[in-house]
Structure formats: C-alpha cells, structure tokens
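1. this is a predicted model, with the sequence first.
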Amino acid sequence: MKYEFVLKSLENIIIAMDSAIKEYWKNYSGMMISVGRVFGSDATKRCLAEDVEGILKEIEETIPIRFKVVNGKIVVERCVVRDLVDGGVLNKDNTLCPFIRGFISKMFESIGVKATCENCEVKL
Amino acid sequence: MKEMVDVKDRMYLLSILTRSLELFSGEWAKAICYIAGRKMSEVIDFGVCEGVEDCLNKLSEHSPWKVEVFDRVSDEEFLVVFKSCPIRQTHYTVCTKQGGALCQVTHGYIETILSNHLKRNVKLILIHPGPNACLKRLVVG
C-alpha cells in the first residue's frame, strides 16, 4: 500500500512534468530530442565504451531501460517510459519518448555509429 | 519487489529528466519544474481552511507531503518543516543534490495550494535541506 501511494505520487509528478514541458515548448518533440542529446553528450564524457555492446550496457546503466538482441535486431526489452504508456499514465504522444531517443542517438554517435530508436527498436 | 523496482525507475526518470533540463536550459529548468508543481495542485481542493496551520494539516492528510509549522515568527512568517517529501526521497535514492530544479516541484505545489486556499500570496524559501527533513521559510503576503 505504501509503495502504491509513493508510486502514484511519483507518476503524478511525471504527468505534471510532461504537461509543463508541452506547455513550455510548443515544438516539444524536437526540443526534447535536443535535451536528450545534451544529456547524452554529458554522459559520454564518462563513457569508455568502444563498441555497440559496450554502449548498450552504458545506456542501461544510465537510464532505466533494458535491451536484447533478437535475430540481429536490438529491441527494447523494458523501458520505463513504455511502462508508463502501457499503464495509461502517459499518452503515446509524450515528451519523454523523444528525450530517450535523443539520448540513445547521442550515445551511439560517441562510437561513430548513427542510430535511431523507432518503435522500441534501435536501428543502426 | 516489482513495485520497489517501479518506484526506483520512476525516481531515476524524474532525476534524469530534471538534470537534462538543467543542462539544456539552465535556470529555465526551475521554471518548468515550478509549473509542473502548479499543475499538480490544480485538482486539489480541501474546502475552507482556517489559517496556515490548518491548511498544512489538511495537505499532510491528503498528499505524500507532510509539512508542519516549526516556529511562528510572525502572523505572516513561519518556519515550516517538510518531514516527508517524495522529491527528497528521490534525491536520496538517486544520489542527487537537494535544492535544485526538482525541489521547485514541491515549491510550486505547496505555494499554489496555500495561496488558493488562503487567497493570499505565498512564498517558500529553502533555509536548510536535510536527509530526514527540510526547513523552509513560509512568507504569506
């Protein structure tokens, strides 16, 4: 019960943050990609990974996300934003998804790989 | 166990998001967090409140924030103690510094609730952030 109460209040804060960002920036999608990229740029300063496997591990250690490789494809096994969307807390059109996408693409750029995260799949 | 992981994940997400906004827009991150706090308080209504203490008691009953008046400096100035705060729990779980942009969520939330119920301007000023409680100055204008 105690966890449920804390969880609910944290989710309310996330909903409010999402709503505030949407109100603050009309073109929030592009802005949040930039925010994610800035965070990625900061994270790569401490990153020693040199290959795709290493960078995936680095991303997993930085944000609550888990990847798995299926038939050579890198798919998102678990993602906190997807959990929130599936749980009905956030809309599909939220500000956090572009943020995560921007972060992932910047992290991959640090090893010289161009990557995009589309439909919960990382395409190199 | 799953709920514990979920709580931690959401705390991480909040902390990362705020840190990124601070890196991206500097002081503007505080404004976004303050607006978020205000938005959360929009749906709260305790009915009639008789003074600051009564309002804080009702707030403590209905929200995860537990706030008490520590000292009454004057009729318009109070020292208040934040005994329980989800934002402080987030700071201590994720090991981030208190008093940054994320704390503005609390300020926006509490200030708006108090000013809506008391029909007066309210300002919160952080005096001392602590691991188990935060001391703040509450000024009613």
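-> Perfect, I can see it now.
2. over to the closest residue to A:D51 other than its chain neighbours. Which of the three states is it?
-> Spatial nearest neighbour of A:D51, chain neighbours left out: A:I111 (6.6 Å); criterion: CB to CB, 6 or more residues apart in numbering or on different chains. No exception for glycine: its C-beta is placed from N, CA and C like everyone else's. Recorded secondary structure, A:I111: coil (DSSP: H, G, I helix; E, B strand; the rest coil).
3. repeat that for the one 3 residues further on.
-> Of the three states, A:K114 takes coil according to three-state DSSP.
4. gap between it and chain B?
-> As judged by CB to the nearest CB, to the nearest Å, A:K114 and chain B stand 21 Å apart.
5. what about chain B, any weak spots by pLDDT?
-> Filtered on pLDDT under 70, chain B yields the residue ranges B:1.
6. spatially speaking, which residue is in the middle of it?
-> Computing the C-alpha centroid of chain B and ranking residues by CA atoms, centre = their mean puts B:T106 first, at 1.8 Å.
7. dump the residue contacts of that one.
-> With contact taken as CB atoms under 8 Å, 6 or more residues apart in numbering or on different chains, B:T106 is in contact with B:37, B:65, B:82, B:85, B:87, B:124.
8. chain A next: which of the residues you listed are close?
-> Under the cut-off given by CB under 8 Å from any CB of the partner chain, chain A has B:37, B:87 from the contacts of B:T106 close to it.
9. please flag which of the contacts of B:T106 sit within helices.
-> By the criterion of DSSP state H, membership of the contacts of B:T106 in helices covers B:37, B:87.
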